[in-house]
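Undergrad: let's see this in three dimensions:
(one chain, ligands or ions: 1)
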Amino acid sequence: MSGKEPVLTSNAPKPLPGIYSQAIKANGMVFVSGAVPMDPVTMELIPGDIQAHTTKTTDEFEISAQQHQCIKNLSAILEAAGTSLEKVVKVNVFLADMGDFAKMNEVYSTYWGDVKPCRTCVAVKTLPLNTDVEIECTAVL
Ligand SMILES: CC(=[NH2+])C(=O)[O-]
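TA: Numbers count the residues shown, from 1 in each chain. Here you go, the predicted structure:
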């Protein structure tokens, strides 16, 4: 397999068959595909009012919930690969609307402790399934 080892866990949404892997381990690193805010059990995008601790359903809570789900999915894939969120060195965040930048950062800042991974954030025209956010990462094993 030329030093490339695919990662597959049922604790994260299944990848599209024949299209991409959840992650690839290679050369002491793990490269994780973009995670969308999909529930791995239902394979559906989480609803906007998912925040269990509030009844608010504003855009702010919607993207927060979506972002937490993306990171939860990344975390499940990293664990399946034998590493963890703590070992992430690079993150790419894709937003459907750069107007969400500040609220995305509010949630984002609660992860990764003091030494944050490198990060790129871009807004794109649309994301798969019309979600608001997609996040990918690279970690060391
Ligand atoms: C969802 C995703 N990672 C893709 O490339 O379609």
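
Undergrad: please make it C-alpha for all contacts and neighbour counts, starting now.
TA: Fine.

Undergrad: what pairs with residue 26 across the strands?
TA: For residue 26, the beta-bridge partners under DSSP bridges are residue 29.

Undergrad: give me phi/psi at the closest residue to residue 10 other than its chain neighbours?
TA: Once flanking residues are discounted, residue 10 sits nearest to residue 40: 6.9 Å by CA to CA, 6 or more residues apart in numbering. When read as degrees, to the nearest 10, the backbone of residue 40 gives phi -70, psi -20.

Undergrad: what sits against residue 40?
TA: Residue 40 sits next to 10-14, 73 when contact means CA atoms under 8 Å, 6 or more residues apart in numbering.

Undergrad: pLDDT score assigned to it?
TA: Residue 40 is assigned a pLDDT of 94 by the prediction.

Undergrad: please determine how far it is located from residue 97.
TA: Distance, residue 40 to residue 97, using CA to CA, to the nearest Å: 25 Å.

Undergrad: and what of residue 136?
TA: Separation of residue 136 from residue 97 (CA to CA) stands at 17 Å.
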